[in-house]
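Novice: Dropping a prediction and its sequence here:
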Amino acid sequence: MAKLDLLQGTLDLLILKTLALGPQHGWGISQRIQQISENVLRVNQGSLYPALQRLDTAGWIESEWGASENNRQAKFYRLTKKGEKQLRDETAQWERMTLAVQRILETEA
Amino acid sequence: MIRQLRSWWRRERLDRELHAEVRFHIEMETEKYMKQGMPPAEARRHAMRNFGPMEKHKEETRDARGLMWLDELIQDARYSVRAFVQSPGFAVIAIVTLALGIGANTAIFSVINAAFFAPYGINEPERLVRLWGQDLQRGITQLGFSVPKYEVIRDQQTSFESLGATTGFAQTLLLNGRDPVQVNGALSTASFLDTFGATPIAGRFFSGDEERAASVAVLGEDLWRTRFAANPAIIGQPITLDGNIYTVIGVSQRLPAFWDADVWTTNPFEFPGVPADTIRRGFSFLLPVGRLKAGVSEEQARRELEVLAARYTAAYAANADAAWTLTAIPLRDDIVGAARSSLLTLLAAVGLLLVVACANVANLLLVRFTGRRQEIGLRTALGASRGRIVRQFLVESLVLSAVAAALGALFAYWTLPGLLVLAQNNLAFANDIRISLPVLGATALLALGAGVVMGLYPAVQGSRSDIVSVLRDGGRTIAGALGSHRARYVIVTAQVAVSLVLLIGAALLVTSFAKLRGQHTGFDSSNIFVAGVSLPPSRYPDIASQGRFWLRLNEELSNSQGVVRAGLSSQPPLNGGFARAPYALSEGAVPPLNERPLGLTMSVTPGYFSTLGIPLLAGRDFTERDTADAPLVAVVSKATATKLGGEQGLIGRRIIMGSQGGGQVMEVVGIVGDVRSQSLTTTAEVEFYRPVMQRQRPFMQMMVKTAGDPAAFEAVARRVLANLDGTLPLTGITTHAAMVDQSLAQQRLLFVMLGTFALLAVVLSAVGIYGVVASFVGQRRSEIGVRMALGATRLQVIAIVLGQSIAPVGTGLIVGLMSAIALGRFVEGLLFEVSPLDPLMLASAVVSLALVAGAACAIPAGRAARIDPVTALRGE
């Protein structure tokens, strides 16, 4: 099964997007990303954690320990105000870029 | 950054959390597959596969926290400390060397900081300027203000937010209503303390309506603490000053330098003992300071003062100070004063000393780092980058300099009291000299700089490593060592050059100081006891009563046990004070008061000249008959006589002296030898002596030549004084030799410190040269063995070794000599009768250093000559 490698920036964007729906722990985020990308984008699950740390260092997300759905201790991540703004900015940029790519492809065709 | 620092502090907890988080992830993923019906073991395998390389991800997560370099840095530092503990000899030598260099800098920093940056505890000192009069025609600067001049400036100026003036005056304070003590009084305008930016520690300062004739006083902090036990209840209490009662209204903080006083009172426009007429005519005793308005520069203030001075000249053309111009200089410059160039010289000198110390340590590091080729080769082979290795070495160097900085600060802390004793209260800002936070900050920066500078080259050299050859040759390759050997020569050259510059500087200052000490002063200070007595105007109101007292005191002293001779003087030579008065020959057309030249004047009793060994060249000494109702007389110095038309025939002629009533006419009755009374460096000035009995002099100093130790005379002096008047204190007890010594304190401080620095630099250089030559011999053991086996004599071997050091030492001497010649003009102003280009001085410094260098080489050279070829070759 050919799967696309995830670019770092893309992964960051997907995490932010996921967390925009509500606080979630690491495993939950990985499931959600696979779900929304319909398994086309396969995250190497471990690489989620450096990304989470990166976003935390940047101040876009914050974390807190809490009880998971099966009542175990898990670290939950939540979007910060700064993170929300970042998500809006990056989404807008993504849209501009994909639109541009689309136009190029259409012209070729 | 803050976020990064926080996660760095919590790194261990974060690691535990990460571990827990990953475990939770794997468990959830495993459960997911188990729910799909997989057996547990297989589910777990799947989960692990999905997660990917776990350790790699964890490492990346840690990296993402940032500041990982901090961890590595700490690792490096720990490693360095371990390495130093393993070779403590190296570490101790390097640290002590560097600590000497850094400590000397810290000590000088504390002085520099006090001089140029200390806030003196006052509000915005940078806005304060001191106002001076100057008589440019007669080349006299730093003159005070007269009352009318002060009034003109005060009422018409626009540059200053406020203006204040003060004048110092010794006063007698009665403690507990009976014990007299002499205090430094200050008569000030009501505005003075506020203008200065001082704050009251207790109570308040003067109000405007207390400026004239109000009997209120402000105590100085020091007096308040020492004599009044810092008791705030003193506010509102009466004190007795010179027989008058004052009410204490406040206590002032300490002011910098000579601006401080024990007791502040008002009524500054009258000067005790000086007639009102003299004061109106331009008697200049007020010392004004101004606080500049925000945004007004000193230059603007100076320009305005020039305009106002012209107005004063026009309005008071007949006054003694009419022709003087005005200037304003920043208060800080005024306080630092003449010490400025000495301080900058010392700063440069400690900088150079640190260079020598760093060079030594750099040399040691070079040997140490290049000696670790095998270790480095191995680490490189295991994947360490060169940058990583350079960093490791640099951290080692920085650890050394950090420890040395701490030790150096301690050195400075220990030596500072000695330095202050050496300065003998002769540095106006001595109170502010301390190892403060800014001083420590500067020290830390310096240590950081030193660590990088001395470590960088050795680190780069040491990290250069060809893995294959290193591992093959077991680290004995000479190829790399040659390059580092050249570097060591360069370091030795620099050390020798810098040491020579310091040595020449020290030699110049020592010679200059010796010349100063050896000056023909014109007086003999040996065995002279000095102490001051001041008479309260309330009980000794006029010339007659004061004169009678001084004569009796002089007589009683002369007749005391163990006294050779005694005399009193208002200004003993080199006591730091002076008074000048206009003078002219009272014959023909006498020039107006303000065009007469100024000469030093002092009041003495009969016997003063012979007590100090000042020769009477012509005429007579004063006698007890030269009283206030006898004709006025004066004795002049030889230089004065020459200036007034020759020694012959001056006796019996009349001069006009002083500004009181346009000057008083008096007869010259004697001529005495010239005396260096103001400073040892200035030659004969115009000096007039007058009998104290003919002048109002409430304060005099007794000068008693004793047969034995002059310091032991104090008890006798107290008894004599108590017999005459039990209420008078004896003040400023010292000897004249100490007074002369004190006048040289600044020069002594400079030469002792520079001498110490030069000595340290020479010793360090010698150690450096020794180290380089010794390691050369060590590396060439087998080569020397071969040469000896082939028939080289011991002398030839010694020649080879010495030949190694001739080039770097010789080059260093030449560079140092040229630098010293080029730098000479910067110290010229500090020297007395010595040229910075004195060939004998330069030559002897070069020769001494060459000899020291030779001795440093001789030890390893001798060792080389004793090498036994058989053992040397077998060792190979």
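Specialist: Ah, there it is.

Novice: wait, isn't residue B:372 in contact with residue B:461?
Specialist: No: contact between residue B:372 and residue B:461 fails when scored by C-beta atoms under 8 Å: they sit 11.2 Å apart. Where you see a C-beta, it was placed from the backbone N, CA and C, and this is true even at glycine.

Novice: just checking, what packs against the longest helix seen in chain A?
Specialist: In chain A, taking DSSP state H as the definition, the longest helix is helix A:81-108. Under the contact criterion of 3 or more C-beta pairs under 8 Å, 6 or more residues apart in numbering or on different chains; DSSP states H and E, helix A:81-108 touches helix A:8-19, helix A:48-58.

Novice: Enumerate every residue touching the residue of the stretch 401-550 of chain B found nearest chain A.
Specialist: Closest residue of the stretch 401-550 of chain B to chain A, C-beta to the nearest C-beta: residue B:448 (27.6 Å). For residue B:448, the contacting residues are B:398, B:401, by C-beta atoms under 8 Å, 6 or more residues apart in numbering or on different chains.

Novice: And residue B:6, how far from chain A?
Specialist: Distance of residue B:6 to chain A, given as C-beta to the nearest C-beta, to the nearest Å: 10 Å.

Novice: Surely that residue is within a strand?
Specialist: No: the secondary structure assignment for residue B:6 gives helix rather than a strand, going by DSSP: H, G, I helix; E, B strand; the rest coil.

Novice: tell me how far the host helix or strand of residue B:761 is from the chain's mean position?
Specialist: Using DSSP states H and E, residue B:761 falls within helix B:745-779. Relative to its chain's centre, helix B:745-779 lies at 22 Å (C-alpha atoms, centre = their mean, to the nearest Å).

Novice: Quick check: mean pLDDT of it?
Specialist: Per-residue pLDDT values across helix B:745-779 average out to 86.

Novice: Which strands and helices lie in contact with that helix?
Specialist: Against helix B:745-779 (3+ C-beta pairs under 8 Å, 6+ apart) you get helix B:88-116, helix B:339-370, helix B:386-423, helix B:479-517, helix B:794-827, helix B:839-865.

Novice: which other residues reach the following helix or strand past the fourth one?
Specialist: Per DSSP H and E, helix B:479-517 leads on to strand B:528-534 as the next helix or strand towards the C-terminus. The list of residues contacting strand B:528-534 from outside it, by C-beta under 8 Å, 6+ apart, reads B:170-172, B:182, B:553, B:572, B:611-612, B:698-706, B:710-711, B:713-714, B:717, B:721, B:728-737, B:739.

Novice: Helices - which of the residues you listed land there?
Specialist: Reading helices off the contacts of strand B:528-534 with DSSP H, I get B:553, B:611, B:714, B:717, B:721, B:736, B:737, B:739.

Novice: Would you tell me which of the helices and strands packed on helix A:81-108 gets closest to chain B?
Specialist: helix A:48-58 (3.8 Å).

Novice: Quick one: buried ones out of the contacts of strand B:528-534?
Specialist: B:170-172, B:182, B:553, B:572, B:611-612, B:698-706, B:710, B:713, B:717, B:721, B:728-731, B:733-737, B:739 (16 or more other C-beta atoms under 10 Å in any protein chain shown).

Novice: Residue ranges in the chain under the pLDDT threshold?
Specialist: Picking chain A for this. Within chain A, the segments meeting pLDDT under 70 span A:1-9, A:38-43, A:108-109.

Novice: that's the other chain; I wanted chain B
Specialist: In chain B, residues with pLDDT under 70: B:1-3, B:7, B:66-68, B:177-178, B:383, B:424-426, B:465-484, B:647, B:684, B:875-876.

Novice: circling back to that earlier point, in CSV, list the helices and strands packed on helix B:745-779 along with distance to chain A and mean neighbour count.
Specialist: Shown next, in CSV, are the helices and strands packed on helix B:745-779 (distance: least, C-beta to the nearest C-beta, whole Å; neighbours: other C-beta atoms under 10 Å in any protein chain shown):
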stretch, distance to chain A, mean neighbour count
helix B:88-116, 38, 22
helix B:339-370, 36, 23
helix B:386-423, 22, 19
helix B:479-517, 41, 22
helix B:794-827, 52, 18
helix B:839-865, 56, 18
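
Novice: Next to chain B, which bits of chain A? Give me the list.
Specialist: Contact residues (C-beta under 8 Å from any C-beta of the partner chain) of chain A with chain B: A:25-27, A:30-31, A:44-47, A:49-54, A:56-57, A:59, A:65, A:68, A:72-75.

Novice: Any of the residues you listed buried? List them.
Specialist: A:25-27, A:30-31, A:44-47, A:49-54, A:56-57, A:74-75.

Novice: And what about residue B:250, helix, strand or coil?
Specialist: Following three-state DSSP, residue B:250 is assigned to strand.

Novice: what pairs with it across the strands?
Specialist: residue B:203, residue B:218 (DSSP bridges).

Novice: Distance to residue B:691 for the helices and strands packed on helix A:81-108 - can I get that in CSV?
Specialist: CSV is the format used below for those (distance: least, C-beta to C-beta, whole Å):
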stretch, distance to residue B:691
helix A:8-19, 98
helix A:48-58, 88
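
Novice: ok, and for stretch B:453-466, which residues are buried?
Specialist: Neighbour-count burial for stretch B:453-466 flags B:453-465 (criterion: 16+ other C-beta under 10 Å).

Novice: got it, and stretch B:752-762?
Specialist: B:752, B:753, B:754, B:755, B:757, B:758, B:760, B:761, B:762.

Novice: Likewise for stretch B:321-332?
Specialist: Going by neighbour count (16+ other C-beta under 10 Å), the buried part of stretch B:321-332 is B:321, B:322, B:323, B:324, B:325, B:326, B:327, B:328, B:330, B:331, B:332.

Novice: Would you confirm that residue B:873 contacts residue B:784?
Specialist: No: assessed by C-beta under 8 Å, residue B:873 is found out of contact with residue B:784, at 10.1 Å.

Novice: okay but residue B:365 is in contact with residue B:397, surely?
Specialist: Yes: Residue B:365 is within contact range of residue B:397, at 6.0 Å (criterion: C-beta under 8 Å).

Novice: Spit out the residues that contact those two alike.
Specialist: Contact criterion C-beta under 8 Å, 6+ apart; residues shared by residue B:365 and residue B:397: B:454, B:455, B:458, B:459.

Novice: Just send those back as JSON lines, with distance to chain A and secondary structure too.
Specialist: Formatted as JSON lines, the shared contacts of residue B:365 and residue B:397 follow (distance: C-beta to the nearest C-beta, whole Å; DSSP: H, G, I helix; E, B strand; the rest coil):
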{"residue": "B:454", "distance to chain A": "36", "secondary structure": "helix"}
{"residue": "B:455", "distance to chain A": "31", "secondary structure": "helix"}
{"residue": "B:458", "distance to chain A": "36", "secondary structure": "helix"}
{"residue": "B:459", "distance to chain A": "31", "secondary structure": "helix"}
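
Novice: Redo the helices and strands packed on helix B:745-779 as TSV? Include distance to residue B:602.
Specialist: Listed next are the helices and strands packed on helix B:745-779 as TSV, based on distance: least, C-beta to C-beta, whole Å:
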stretch	distance to residue B:602
helix B:88-116	32
helix B:339-370	27
helix B:386-423	27
helix B:479-517	23
helix B:794-827	34
helix B:839-865	38
